[in-house]
Structure formats: structure tokens, C-alpha cells
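Visitor: I would like the atomic coordinates for the input below:
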Amino acid sequence: NIGYNNQIINDYGIFNSNLHSDTYKDIDGYRVPWQAFDFAFGVSNVGTLSLDTLGTMENSNAYFTQTTNQKIASFFSTKTNYKSKEYYGIFPTRDAGKISQLANHVAEAAVTFDKPYIYKEIQKMIPEDLLINWYWIGYNNTKSLAAASQTNWFGLMSNSNHTGNGNNSQLTGKLDNAAYQDFKKSLTAIAKTNQITINDFSPSKDALKQVKKYPTLKSAKFSGVILTGQTKNFANLDKNPWVYASNVGLTVELRPDIQPLK
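Guide: Alright, predicted model coming up:
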């Protein structure tokens with residue numbers, strides 16, 4: 001659910017260099033600066049992502065970015081024993097109805113489904129006045145406490161259409177099989193090089209197992225989505241039987257010169 005403004009090599013070395021990216025989130029047509037990240041790489045093309053910019057802290061049952069203190073829209077495992085003493089993450093929330101009380105704003109919310117759904121089903125489920133920004137593929141190991149306690153979620157950004165002079169893009173909320181196949185290829189590459197593990201749980205390898213079960217978009221199942229829209233449009237979202245949890249991330253005040261997409 002993150003876009004990139006640039007990718008700049010800002011530190012050249014004989015054996016190592018650093019790639020810097022400034023990022024943003026698209027909240028119903030409003031671009032909001034998000035925390036930057038750095039990727040160090042050497043002559044062997046093996047790189048290391050700076051985890052300082054991707055870490056989180058717990059506060060009031062929510063995750064926040066370390067460097068910018070922005071709230072992270074979070075997903076939840078539906079089969080986790082949240083009463084376990086070994087669980088150390090945040091607990092499922094139902095934020096959608098609450099955020100609807102914040103007038104004249106747009107917001108993003110991570111919606112965890114009660115069970116995985118195929119793409120065609122999701123298109124019928126989501127209200128027309130909310131936009132799907134991102135699709136979460138869920139966990140292969142659904143009962144892992146380590147999986148439920150971490151914040152490395154894998155999924156696909158929705159397709160974009162070019163607008164205006166062709167230099168700007170607008171999210172459509174849709175996917176196609178070509179995008180899904182590209183995602184599978186990227187995930188395969190990430191799983192080969194990503195060494196991040198949490199208590200023996202590898203987020204990238206778990207995600208790879210998940211997509212291998214679904215060769216095409218038509219067969220793929222998703223465990224949640226990130227929705228954006230005007231806050232008033234979230235009022236009745238939690239009443240749907242397919243909503244297990246809704247967790248709000250960023251909110252932005254409406255401006256008279258920028259029209260929201262929904």
C-alpha cells in the first residue's frame with residue numbers, strides 16, 4: 001500500500017552503496033508522505049534493507065512507524081489465540097464505525113475478512129463508495145503466534161489508470177492476472193534473498209507457500225484488503241458479516257481544491 005516518489009543512490013562507495021527512496025500513501029486520491037527507506041547493496045548485488053525505518057512500536061493497541069510516528073493500518077489472524085501468553089502483538093479492532101465520526105476527512109483501513117475470499121467475491125462485497133487500494137494474501141501458517149505478532153504483510157497494490165497528461169496515475173481498485181503473475185515472480189525472488197525471521201517464522205517464505213497454492217488470479221484467495229475513502233463512508237462497514245476486524249491507519253482532512261476519488 002506504498003508508492004515511491006524516487007529512488008536515489010545517495011552514498012557511493014568502492015564496495016558498497018545506498019539506495020534511498022521517499023514514499024507516500026494514496027488515501028482516496030490524497031498523497032500522504034510516508035517514511036523513507038534505505039537499501040544498502042554491494043558489488044555482489046546482495047542488499048540489506050534498513051529495518052530502522054520499517055520497525056514498529058506498540059502504543060494503545062496500535063502499531064506506529066518508528067521514524068514518523070504514523071499509525072499503521074494492520075491485519076489480524078482469524079485463528080490466533082490472542083489470550084496466549086506467548087502472543088505479544090496488538091489485538092483485533094473494529095475501527096471503521098469510530099472513524100466515521102471524524103467529519104470531513106479521508107482515511108485508510110485494513111479490513112481482515114472472516115475467511116479468505118476469491119477476487120470475484122471481493123468485488124461484490126466491497127461497497128461502491130470505498131476504494132480497494134491493496135489486497136492481502138494472508139498467512140499460510142494461520143495458527144502461528146509469531147506470524148500474528150509481526151507486521152510484514154504481503155499482497156498486491158490495485159491496478160492504476162493514467163489520468164490527465166499521462167504522468168499521473170489513479171488506483172482503480174481492480175487486479176488482473178498479469179499483475180498477479182508479476183507479484184508471484186517478485187515474491188519468489190524476495191523469498192530467496194530475504195533473511196527476516198521472527199521466532200523461526202519467515203514472512204516471505206510463508207507468503208510464497210500461500211501463492212503457490214493459487215496459480216492464477218481466478219483461483220487466488222485473499223484474507224483482507226486496505227480500503228480508502230471518505231470517513232463517512234466507513235460508517236456501516238463493520239456491520240458486514242465478512243468483516244473480522246477493521247484497523248484504521250492514516251487520516252487526512254479534506255481540502256476544497258482536491259476532490260476525493262470516492
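
Visitor: which residues does the host helix or strand of residue 188 contact?
Guide: Residue 188 belongs to helix 177-193 when assigned by DSSP states H and E. If you take CB atoms under 8 Å, 6 or more residues apart in numbering as the criterion, helix 177-193 is touched by 46-47, 154, 156, 159, 202, 204-205, 207-208, 211, 216-218, 220. C-betas here are computed from N, CA, C, even on glycine.

Visitor: now do stretch 250-260
Guide: The list of residues contacting stretch 250-260 from outside it, by CB under 8 Å, 6+ apart, reads 25, 27-30, 32, 70-71, 73, 99, 102, 104-108, 229-231.

Visitor: ok, which stretches of the stretch 151-262 of the chain are helices?
Guide: Using DSSP state H, counting those that start in this stretch, the helices found in the stretch 151-262 of the chain span residues 177-193, 203-212.

Visitor: now those in a markdown table, with distance to residue 259?
Guide: Listed next are those as a markdown table, based on distance: least, CB to CB, whole Å:
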| stretch | distance to residue 259 |
| --- | --- |
| helix 177-193 | 26 |
| helix 203-212 | 35 |
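
Visitor: how about residue 107: what's its closest non-neighbour residue?
Guide: Distance criterion CB to CB, 6 or more residues apart in numbering; nearest residue to residue 107, sequence neighbours excluded, is residue 251 at 4.5 Å.

Visitor: what about residue 218, how many residues nearby?
Guide: Look at residue 218: counted by other CB atoms under 10 Å, it has 11 neighbours.

Visitor: next, give phi and psi for it.
Guide: Dihedral angles of residue 218 (phi, psi; degrees, to the nearest 10) stand at phi -60, psi -40.

Visitor: got a list of what it touches?
Guide: Applying CB under 8 Å, 6+ apart, we find residue 218 in contact with 118-120, 177.

Visitor: find the least confident helix or strand in the chain, judged by mean pLDDT.
Guide: Ranking every helix and strand in the chain by mean pLDDT, DSSP states H and E puts strand 47-49 at the bottom, with a mean of 37.

Visitor: of the contacts of residue 218, grab the buried ones for ChimeraX.
Guide: Only the buried members of the contacts of residue 218 enter the following ChimeraX selection, criterion being 16 or more other CB atoms under 10 Å:
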select :119
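
Visitor: can you map out the strands along the stretch 1-150 of the chain?
Guide: With strands called from DSSP state E, counting those that start in this stretch, the stretch 1-150 of the chain shows them at 3-4, 8-11, 16-27, 30-42, 47-49, 56-58, 63-65, 105-118, 131-136.

Visitor: the stretch 151-262 of the chain now?
Guide: Using DSSP E, counting those that start in this stretch, the strands of the stretch 151-262 of the chain run over 155-157, 160-163, 168-171, 221-230, 243-253.

Visitor: coming back round to it: could you tell me the least trusted of the strands of the stretch 1-150 of the chain?
Guide: Least confidently modelled of the strands of the stretch 1-150 of the chain is strand 47-49, at a mean of 37 by mean pLDDT.

Visitor: where does the stretch 151-262 of the chain have low pLDDT?
Guide: Across the stretch 151-262 of the chain, the ranges flagged by pLDDT under 70 are 162-168, 194-195.

Visitor: list the buried ones in stretch 180-194?
Guide: For stretch 180-194, the neighbour count (16+ other CB under 10 Å) marks 180, 183-184, 187, 190-191, 194 as buried.

Visitor: in a markdown table: the residues you listed, plus distance to residue 169.
Guide: Compiled in a markdown table, the buried residues of stretch 180-194 are given as follows (distance: CB to CB, whole Å):
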| residue | distance to residue 169 |
| --- | --- |
| 180 | 19 |
| 183 | 18 |
| 184 | 22 |
| 187 | 22 |
| 190 | 23 |
| 191 | 28 |
| 194 | 27 |
